[in-house]
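**Q** only geometry, no sequence info:
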């Protein structure tokens with residue numbers, strides 16, 4: 001049984017050897033010309049003007065989490081659409097309920113003001 005997994009093990013070993021060899025060769029043969037300008041921190045093409053440990057507003061994270069939630073919920077629509085013909089009326093009703101709950105959640109978040117960015 002283990003003989004069946006030998007090609008997979010061989011593939012992983014070869015991939016690891018090639019990856020490590022490329023990293024080592026890059027470090028050995030790559031140019032090293034350190035300059036103060038290359039080592040200086042920059043942000044969006046200009047010098048940083050604030051401390052890097054500044055606090056972010058919680059709303060930033062809230063918007064990010066809401067985006068991920070709604071994005072993942074919409075991702076459930078694509079598999080449903082591929083098998084829509086086989087599901088029939090029950091599948092249509094279930095997806096309608098799912099989308100209604102999604103819209104209800106969106107309206108709730110909107111009314112709470114979570115999408116406002118002052």
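**A** On my side now, so go ahead. Just so it is clear, the model here is predicted, and its values are computed rather than measured.
**Q** which helix in the protein has the most residues?
**A** helix 84-112 (DSSP state H).
**Q** packing partners of that one?
**A** Counting contacts by 3 or more C-beta pairs under 8 Å, 6 or more residues apart in numbering; DSSP states H and E, helix 84-112 packs against helix 58-75, helix 77-82. Using the backbone N, CA and C atoms, a C-beta is placed for each residue, glycine as well.
**Q** again, only using 7 Å
**A** Other helices and strands packing on helix 84-112, by 3 or more C-beta pairs under 7 Å, 6 or more residues apart in numbering; DSSP states H and E, are helix 58-75.
**Q** what residue is smack in the middle of the protein?
**A** What sits nearest the mean C-alpha location of the chain, by C-alpha atoms, centre = their mean, is residue 68, with 8.7 Å.
**Q** distance check, that one against residue 113.
**A** 19 Å (C-beta to C-beta, to the nearest Å).
**Q** just residue 58 next, same as before
**A** Applying C-beta to C-beta, one obtains 13 Å for the distance of residue 58 from residue 113.
**Q** try residue 39
**A** Residue 39 is 43 Å from residue 113, by C-beta to C-beta.
**Q** count of neighbours near residue 25?
**A** Neighbour count of residue 25, defined by other C-beta atoms under 10 Å: 10.
**Q** swap that for residue 36, sorry
**A** Neighbours around residue 36, by other C-beta under 10 Å: 6.
**Q** now do the one 4 residues further on
**A** Applying the criterion other C-beta under 10 Å, we find 9 residues in the vicinity of residue 40.
**Q** need the pLDDT of it.
**A** With respect to pLDDT, residue 40 scores 72.
**Q** cool, the one 5 residues further on as well?
**A** What the model reports for residue 45 is a pLDDT of 62.
**Q** kindly report the same for residue 12.
**A** If you check residue 12, the pLDDT there is 97.
**Q** which stretch of helix or strand covers it?
**A** According to DSSP states H and E, residue 12 maps onto helix 6-29.
**Q** try residue 53
**A** Going by DSSP H and E, residue 53 is not in any helix or strand.
**Q** which ones are touching it?
**A** Counting by C-beta atoms under 7 Å, 6 or more residues apart in numbering, residue 53 touches no other residue.
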